[in-house]
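J.: structure, please.
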Amino acid sequence: MAQSITPERGFTYAANAIRGGWKGENPAATESYLDKVKFTSAAIRQTTDNGNPVYFVACDYEGEGKAGVRMSQRFPAPAKPVGNDWKDNFCSAGVSQCAFKFD
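T.: Below you'll find the model as predicted:
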């Protein structure tokens, strides 16, 4: 789902999923781009929020020009890469090859 932030400020994106949902935005978007982007990569990451660990997966979708979206979802534990296409928690082989799981 895509929603305009303001006429001058791009779009936000959301996708419902198990364990919550995926969220993203493209502040430079002049249209939704949902039908103009394709999956390019996924990354398993960790950061902190007020000293607490935050685990998430970010997926990039790109197209021509400004067409691009980064979708991310937080998880209660670190995701584990599935398959041989992941290198250092990064995968750009294709959406099917960039699967991940939880223990």
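
J.: could you say which helix or strand contains Arg74?
T.: strand 68-75 (DSSP states H and E).

J.: after that strand comes which helix or strand?
T.: Heading C-terminal from strand 68-75 (DSSP H and E), you reach strand 80-81.

J.: give me the next element, helix or strand, following that next one.
T.: Assigned by DSSP H and E, the successor of strand 80-81 is strand 90-91.

J.: who touches that following strand?
T.: Ser41, Ala42, Ala43, Ile44, Pro81, Asp85, Gln97, Cys98 (C-beta atoms under 8 Å, 6 or more residues apart in numbering). Every residue, glycine included, has its C-beta placed from N, CA and C.

J.: try stretch 18-27
T.: Counting by C-beta under 8 Å, 6+ apart, 5, 9-15, 33, 59, 66, 68-75 sit against stretch 18-27.

J.: what subset of these is buried?
T.: Gly10, Phe11, Thr12, Tyr13, Tyr33, Cys59, Gly68, Val69, Arg70, Met71, Gln73 (16 or more other C-beta atoms under 10 Å).

J.: tell me who's in contact with the fourth one.
T.: Put plainly, it is Tyr13. Going by C-beta under 8 Å, 6+ apart, the list of residues near Tyr13 reads Met1, Ala2, Gln3, Trp22, Lys23, Gly24, Glu25, Asn26, Ser32, Leu34, Val69, Met71.

J.: need the contact list for the first one.
T.: If a contact means C-beta under 8 Å, 6+ apart, then Met1 has Tyr13, Ala14, Ala15 as its contacts.
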